[in-house]
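Visitor: Could you look at this predicted model? Sequence included:
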Amino acid sequence: MNIKKGDQVKIMNGKDRGKTGTVLSVSKDDNRVTVEGLNLIKKRMRPKQQGKTGEVIAIPRAMDVSNVMLVCKNCKHATRVGYRTDGATKVRYCKKCEAPN
């Protein structure tokens with residue numbers, strides 16, 4: 001998987017298509033990512049204390065990693081990611097502008 005926590009991604013499919021956001025969490029087992037402020041669902045919360053009212057909150061839901069693309073820090077476009085080795089380290093790079101990510 002070429003997406004990490006903290007990356008800027010653009011959503012390519014679904015109701016939030018075309019929007020960008022920051023990755024909050026990555027699940028490698030399920031191939032899913034959670035993006036901050038996108039793919040929101042409404043959850044009804046019961047009151048925690050007596051005399052309080054319940055509330056409806058919006059929570060970001062995980063989506064498949066195939067529905068997002070990494071946004072390059074250099075050229076600011078959604079791009080595919082390649083890997084190259086610099087000595088003993090493995091580095092991601094943008095396929096459009098060849099800049100390391």
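Guide: Looks like it came in fine.
Visitor: Next up, phi/psi of the residue of the chain positioned farthest from its centre, please.
Guide: Here the chain reaches farthest from its C-alpha mean at G51, the gap being 38.1 Å by C-alpha atoms, centre = their mean. The phi/psi pair for G51 (degrees, to the nearest 10) reads phi 90, psi -10.
Visitor: and it, what pLDDT?
Guide: Per-residue confidence at G51 stands at 92 (pLDDT).
Visitor: Also G6?
Guide: Value for G6, per-residue pLDDT: 95.
Visitor: mind listing what it touches?
Guide: In this structure, G6 makes contact with 22-23, judged by C-beta atoms under 8 Å, 6 or more residues apart in numbering. Just so you know, the C-beta spots here come from the backbone N, C-alpha and C atoms, and that holds for glycine as well.
Visitor: Pretty sure it sits in a strand.
Guide: No - read with DSSP: H, G, I helix; E, B strand; the rest coil, G6 is coil and lies in no strand.
Visitor: I would like the residues contacting the longest strand belonging to the chain, please.
Guide: Ranked by number of residues, the top strand in the chain under DSSP state E is strand 20-27. The contact list for strand 20-27, computed with C-beta under 8 Å, 6+ apart, reads 1, 3-11, 32-38, 60, 62, 65, 71.
Visitor: out of those residues, which are buried?
Guide: Using 16 or more other C-beta atoms under 10 Å as the burial test, the contacts of strand 20-27 include 3, 7-11, 32-35, 38, 60, 62, 65, 71 as buried.
Visitor: now, which of those sits nearest P100?
Guide: Proximity of those to P100 (C-beta to C-beta) peaks at D7, which lies at 13.3 Å.
Visitor: Good, we can wrap up now.
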